[in-house]
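Structure here, sequence nowhere to be found:
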């Protein structure tokens, strides 16, 4: 096995003031990040987040995990995906889902209690949100094993080679599932990219009580490379993810990306974050806001592309239309039918499961008759 170099520093190309430093690792060709699209996606993803919080406060959702402050990491990573790639999220990847074409109304179902689960990869390559910390890393590694056995890695065919992008938080690094996933990914040289959004807090536990080394350095112990990137720099996050996914698709094996960012809202809408951190810490990270950072670049005289008044006006209208669609779509989500858990379990329902569904539906019908 080849040696893996230690992680020495955090990579960034766009500083907090919006100044872009030339860097040979950032593509300037057809694969480069569309900066206007990235700005639009970050703004709209933040609006999804804001509206969902409001819906929860109004009693329309039971819970919502905010991603405020993490838009740069998520849009950067999400914009690097190809349609054949597969995504395994945690429960906070709202901007990744948006970039990958997932209807944000669908994300609300889990938190409204109107979905019974079930995922059909023929419809979309974005897996279900995973609430069990770290479990999605094993799901991702298992799927990557299947990709290898299907022969969809290292063929050199642009639209065939695939990779898995799995998201995790810094808290998941302390879970056994994650470390087991690292073992399997490394030992079998699987086409999987672990994207860790180190937002500094695993609910109320700071990263300092979980690790004495940077998260990206963990990969070295398992025998594959790690990269540490400024998670509020959407350009660097895109370039790092693009590079890691290309390596995975070509058969080069796994990579761990640590995107150093900050969760500026409470862990969820049921959390009181001021019990474990100070507002001044939050304010300091607000000054590094990923949207403001890219906006400063685009509105500056040295910008490679420019934002004009027409772009901002169109974006403002799009925000309001999206917000209205979320509000109406949330309230229109269908209450699941009694047979849904059975229909969404396997691709083809076996006879035993069909029999169980029939028995269940008969029981429900009888119970409803007794109550009428």
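Structure received. Small disclaimer: the values here were computed from a predicted structure and weren't measured. Numbering: from 1, shown residues only.

Only C-alpha atoms from now on, for both contacts and neighbour counts.
Fine.

Can you give me the end-to-end span of stretch 96-114?
End-to-end distance for stretch 96-114, by C-alpha to C-alpha, to the nearest Å: 22 Å.

Let's test this: mean pLDDT of that stretch, rounded?
On average, the pLDDT along stretch 96-114 is 94.

how about the helices in this structure?
All helices of the chain, identified by DSSP state H, fall at 35-57, 71-78, 94-99, 104-112, 135-149, 176-187, 218-222, 234-249, 279-286, 290-298, 309-331, 340-343, 351-371.

Deepest-packed of those, please.
helix 71-78 (a mean of 30; mean count of other C-alpha atoms under 10 Å).

relative orientation of it and helix 35-57 in degrees?
Relative orientation of helix 71-78 and helix 35-57, computed by axes from the mean of the first three to the mean of the last three C-alpha atoms, to 10 degrees: 120 degrees.

contact partners of helix 71-78?
Contacts to helix 71-78, defined as C-alpha atoms under 8 Å, 6 or more residues apart in numbering, come from residues 38, 41-42, 45-46, 93, 95-97, 99-100, 197, 231-239, 241-242, 259, 261, 290-291.

where among the helices of the chain is the average confidence lowest?
It's helix 340-343: among the helices of the chain, that one has the lowest mean pLDDT, namely a mean of 86.

Let me see the residues that make contact with that helix.
With C-alpha under 8 Å, 6+ apart as the test, helix 340-343 has contacts from 116-118, 349, 353-354, 357.

Now render these as a markdown table, adding distance to residue 277.
Converted to a markdown table, these look like this (distance: C-alpha to C-alpha, whole Å):
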| residue | distance to residue 277 |
| --- | --- |
| 116 | 36 |
| 117 | 34 |
| 118 | 37 |
| 349 | 49 |
| 353 | 49 |
| 354 | 51 |
| 357 | 49 |
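
next one: stretch 98-106 to chain centre, how far?
Centre-to-centre, stretch 98-106 and its host chain are 11 Å apart (C-alpha atoms, centre = their mean, to the nearest Å).

and what of stretch 61-78?
Centroid separation between stretch 61-78 and its chain, computed with C-alpha atoms, centre = their mean, is 7 Å.

repeat for stretch 228-248
That offset, for stretch 228-248, works out to 13 Å (C-alpha atoms, centre = their mean).

Look up phi and psi at residue 34.
phi -80, psi 110 (degrees, to the nearest 10).

could you measure it against residue 244, distance?
19 Å.

same check, this time on residue 70
Residue 70 sits 20 Å away from residue 244 when distances are taken as C-alpha to C-alpha.

Check residue 302 too.
29 Å.

returning to that earlier point: go through the contacts of helix 340-343 and name the one nearest residue 211.
Of all the contacts of helix 340-343, residue 211 sits closest to residue 117, with 33.7 Å by C-alpha to C-alpha.

tally of neighbours for the closest one?
Neighbour count for residue 117, taken as other C-alpha atoms under 10 Å: 13.
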